[in-house]
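Asks: What follows is a predicted protein model with its sequence.
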Amino acid sequence: MKISCTLLLLLVLFSMSCQKKEVSIPPNVILIITDDQGYGDLGIHNNPNIVTPAIDSFALQSIRFSNFHVSPVCAPTRSSLMTGRYSLRTGVRDTYNGGAIMATSEFTLAEMLKKVNYKTGIFGKWHLGDNYPSRPSDQGFDESLIHLAGGIGQVGDFTNYFKMGTSYFDPVLWHNNKQKAYKGYCSDIFTQNAINFIEKNHDQPFFCYLSFNAPHTPLQVPDKYYRMYEDIDPSEGIDPELLPLVDMNEKSDEDARKVYAMVTNIDDNLNQLFQKLEVLGIEENTIVIFMTDNGPQQARFVGGMRGRKSSVYRGGIRVPFFMRYPAKFSGNREMDQMAAHIDLLPTLSKLCGVPLPQDIKIDGRSFVSALEGQDLPERSFFSYWTRKFPEKYNNVSLQRGNFKLVGKTDFDAKIDDFELYNLLDDPLERTNLIFQNKEKATSLKTEIDAFFSEFSKSPNLVKPPMIVVGTPYENPVYLNRNDASGQRGIWNQEEVFSYWKVDLEKGVYNLRFKFLKPLDSGGQMFLELGQSILKKHNPLPNSDLLVWKGVSLPKGTFDFTPFYRKQPRSNYFPLWVEIKKVE
């Protein structure tokens, strides 16, 4: 009895140390996320090369989640952060190919906080739709400063695409849906504008989403940061057993140096932001979260884990997650209970005193009780990644408790073709237990089947989100390559079959078709809209821009399919299309 009473006292004291006094003023929320920065790209995670003093210091003041999971790639992670739902429910199924548009019916974190009068701002990467009604301003953000598509200078980011090797410098960005040219390096620009937003709104509750596009490719960084790393050996610190799997080479070494330089630049920027919170006197009552969206894209130190970006192994989906809220929770402690991106919305709902919607299925759960020292019940966590739509049993996993089943096989595979890991005994996922514990594996596979069955019927997959054209909310509309559907892998090809899914209002429009390279004269420009086809001969030699004026277009939902044909079998797809309603 004496031992039991002692243990009870210790548990009570632990719970008291985890939670501070109740907070009556709603907390500010700052969510910081970086792009393609892996778990191992931090000094505090034992990377011997990288310099991240500000983030490391912040982590030591925070609750550090050692078992936090996201999706294997960026747009799915971001949709889950915003909604508390698995990405396939939201309509987000890809990073491009028309699969990175989130349905406007989704209830976002920004919309939730606006219900209780938070000011909301996003600075950086959105990647959930570049047109009405899926832009940040349509999904709850009062202020937005973003680039298009998945990265500055990518093919979908047509305002910076032709800058190629300098797209991260002096970019053209979109401030509140209007193009604006900026001077400087992208991460500096996003941070300074986030700080300006915080200064402007610090006397009322605010939500600031600082969503860096770095260190995603293209790997561009100011010289002073690159010079810090030009002589390092990036293979240092990698587990010798994993080194053959990592496949370091001259290119990956150079990529790692640039990535580390980009992360150190982010670290310097975050140091400025953290200092600003102190100067404004709002540090105590501000929830600050630092995380990343998936594992690293390039080969480098991954903290000993297997896999990288796009993989359902831990190196692809386990990421840093540090949370500081001094007014309510003690910092400098580890939280090893399993949590995920789908949990953020319900957690902030509880901390900010905002009820969750009752008419939407939320897949995540609040982890506030875990922060207070309680154990969360066991649950299953589903992961997948393939292009276009999920491929049954290919690059899919399900984790429940300590066990994780991985499928990298065929749609009709037997249980022997799967991989089973005990993460408690084998956190690096090296020992496949499939033949030792088929019963557990079969149980997890049954759950995978249930997830596939449910998600394949998701209304936002069956009826994908569309770009709405012809409203006063966006005119002109720019259709970019990131949101184009059609064959797989649509990027910067000249000859490719593709289209945009649009909900078109009836009207008279001016159309501009921009191509990657000048077109030969004598060809024909086509626009297919359902059963209607418009065709026009091109008399202009060596032009990369074709203009149609005063075109009457019908109302309806269409596959908007433009292409230029010079030869019977050569169809050229535009880089972007501008659609401006004039009547």
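Replies: Everything's here; your move.

Asks: got the buried residues for stretch 216-224?
Replies: Residues 216, 217, 219, 220, 221, 222 are the ones in stretch 216-224 that count as buried (16 or more other CB atoms under 10 Å). C-betas here are computed from N, CA, C, even on glycine.

Asks: Same check on stretch 277-286?
Replies: In terms of neighbour count (16+ other CB under 10 Å), stretch 277-286 has its buried residues at 277, 282, 283, 285, 286.

Asks: can you list the domains in the protein?
Replies: Residue ranges for the structural domains of the chain, counted by automatic domain parsing, are given in the record as 27-371, 380-460, 467-581.

Asks: could you give me the average pLDDT of the shortest one?
Replies: So the one you mean is domain 380-460. Taken as a whole, domain 380-460 has a mean pLDDT of 96.

Asks: Also the first one?
Replies: Confidence for domain 27-371, expressed as mean pLDDT, is 96.

Asks: what about it, how long is it end to end?
Replies: Domain 27-371 has its terminal residues 16 Å apart, counting by CA to CA, to the nearest Å.

Asks: just the last one next, same as before
Replies: The distance separating the two terminal residues of domain 467-581, taken as CA to CA, comes to 15 Å.

Asks: Let me see the mean pLDDT of it.
Replies: 95.

Asks: So which of the domains of the chain has the densest surroundings on average?
Replies: For those, ranked by mean neighbour count under the definition mean count of other CB atoms under 10 Å, the leader is domain 27-371 at a mean of 21.

Asks: I'd say residue 375 and residue 335 touch.
Replies: No - the pair residue 375 and residue 335 does not pass the contact test of CB atoms under 8 Å, sitting 11.4 Å apart.

Asks: rewinding a little: let me know the closest of the buried residues of stretch 216-224 to residue 458.
Replies: Distance ranking of the buried residues of stretch 216-224 against residue 458, using CB to CB, places residue 216 first at 27.4 Å.

Asks: Inside strands: which ones of the buried residues of stretch 277-286?
Replies: Applying DSSP state E to the buried residues of stretch 277-286, the entries found in strands are residue 286.

Asks: Specify which member of the buried residues of stretch 277-286 is nearest to residue 79.
Replies: Comparing every one of the buried residues of stretch 277-286 with residue 79 (CB to CB), the shortest separation belongs to residue 286, at 25.0 Å.

Asks: What are the neighbouring residues in contact with that closest one?
Replies: Residues in contact with residue 286, defined by CB atoms under 8 Å, 6 or more residues apart in numbering, are 27, 28, 29, 30, 277, 325.

Asks: before we move on, what SS does the fourth one have?
Replies: Three-state secondary structure (criterion: DSSP: H, G, I helix; E, B strand; the rest coil) places residue 30 in strand.

Asks: contacting residues for it?
Replies: Counting by CB under 8 Å, 6+ apart, residue 30 makes contact with 198, 207, 208, 210, 273, 286, 287, 288, 289.

Asks: hang on, the second one in a helix?
Replies: No - secondary structure of residue 207, determined by three-state DSSP: strand, with no helix assignment.

Asks: beta partners of it?
Replies: On DSSP bridges, the residues paired with residue 207 through beta bridges are residue 29, residue 120.

Asks: Against residue 348, how distant is it?
Replies: 9 Å (CB to CB, to the nearest Å).

Asks: Which neighbours do these two have in common?
Replies: Between them, residue 207 and residue 348 have 29, 109, 113 as joint contacts when contacts are counted by CB under 8 Å, 6+ apart.

Asks: pretty sure the last one contacts residue 120?
Replies: Yes - taking contact to mean CB under 8 Å, the distance of 6.1 Å between residue 113 and residue 120 places them in contact.

Asks: Overlap in contacts, these two.
Replies: Looking at what touches both residue 113 and residue 120 (by CB under 8 Å, 6+ apart), the common residues are 140, 207.

Asks: follow-up on the earlier one: tell me which of the buried residues of stretch 216-224 is nearest to residue 331?
Replies: Residue 331 lies nearest to residue 216 out of the buried residues of stretch 216-224, by CB to CB, at 29.3 Å.

Asks: That closest one against residue 298, yeah?
Replies: No - the pair formed by residue 216 and residue 298 falls short of the contact definition of CB under 8 Å, at 10.5 Å.

Asks: List the contacts of the closest residue in space to residue 206 that isn't next to it in sequence.
Replies: Setting aside the residues directly before and after it, residue 206 is nearest to residue 119 in space (CB to CB, 6 or more residues apart in numbering), at 4.5 Å. The contact partners of residue 119, taken as CB under 8 Å, 6+ apart, are 142, 143, 197, 201, 204, 205, 206, 207.

Asks: Dump those to CSV, plus distance to residue 539.
Replies: Output for the contacts of residue 119, formatted as CSV (distance: CB to CB, whole Å):
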residue, distance to residue 539
142, 48
143, 45
197, 50
201, 54
204, 59
205, 59
206, 55
207, 53
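
Asks: farthest pair in these?
Replies: 143 and 205 (14.8 Å).

Asks: mind checking how far the nearest residue to residue 301 once chain neighbours are set aside is from residue 333?
Replies: If you skip the residues right next to it in sequence, residue 301 has residue 40 as its closest partner in space, 4.3 Å away by CB to CB, 6+ apart. Applying CB to CB, the value for residue 40 to residue 333 is 21 Å.

Asks: One more: residue 82?
Replies: When CB to CB is the yardstick, residue 82 and residue 333 sit 28 Å from each other.

Asks: And residue 200, by the same measure?
Replies: With distances defined as CB to CB, the gap from residue 200 to residue 333 amounts to 33 Å.

Asks: what's the answer for residue 375, then?
Replies: Taking CB to CB as the measure, residue 375 falls 15 Å from residue 333.

Asks: Which parts of the stretch 201-350 of the chain are strands?
Replies: With DSSP state E, counting those that start in this stretch as the definition, the stretch 201-350 of the chain shows strands at residue ranges 206-211, 286-292, 321-324, 333-335, 339-340.

Asks: Please dump the ones you listed into JSON lines; it should also carry distance to residue 178 for every row.
Replies: Listed next are those as JSON lines, based on distance: least, CB to CB, whole Å:
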{"stretch": "strand 206-211", "distance to residue 178": "19"}
{"stretch": "strand 286-292", "distance to residue 178": "29"}
{"stretch": "strand 321-324", "distance to residue 178": "34"}
{"stretch": "strand 333-335", "distance to residue 178": "42"}
{"stretch": "strand 339-340", "distance to residue 178": "35"}
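
Asks: name the element residue 557 belongs to?
Replies: strand 556-567 (DSSP states H and E).

Asks: Could you list the paired strands of that strand along with their orientation?
Replies: The sheet places strand 556-567 alongside strand 498-504 (antiparallel), strand 524-529 (antiparallel), strand 570-572 (antiparallel), with pairing taken from DSSP bridges.

Asks: still on that earlier bit, which one among the buried residues of stretch 216-224 gets closest to residue 504?
Replies: For the buried residues of stretch 216-224, the minimum distance to residue 504 (CB to CB) is 32.9 Å, reached by residue 216.

Asks: List phi and psi for the spatially closest residue to residue 492 that is not a sequence neighbour.
Replies: Once flanking residues are discounted, residue 492 sits nearest to residue 155: 4.6 Å by CB to CB, 6+ apart. With angles defined as degrees, to the nearest 10, residue 155 sits at phi -60, psi -30.

Asks: Could you single out the nearest of the buried residues of stretch 216-224 to residue 248?
Replies: Residue 248 lies nearest to residue 219 out of the buried residues of stretch 216-224, by CB to CB, at 15.9 Å.

Asks: Provide a list of residues in contact with the closest one.
Replies: 255, 258, 259, 262.

Asks: tell me the two of those that are most distant?
Replies: Within the contacts of residue 219, 255 and 262 form the most distant pair, 10.5 Å apart (CB to CB).

Asks: Quick one: the buried residues of stretch 216-224 as JSON lines, columns for distance to residue 356 too.
Replies: Supplementary listing: the buried residues of stretch 216-224 in JSON lines, determined by distance: CB to CB, whole Å:
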{"residue": "216", "distance to residue 356": "31"}
{"residue": "217", "distance to residue 356": "36"}
{"residue": "219", "distance to residue 356": "40"}
{"residue": "220", "distance to residue 356": "40"}
{"residue": "221", "distance to residue 356": "40"}
{"residue": "222", "distance to residue 356": "43"}
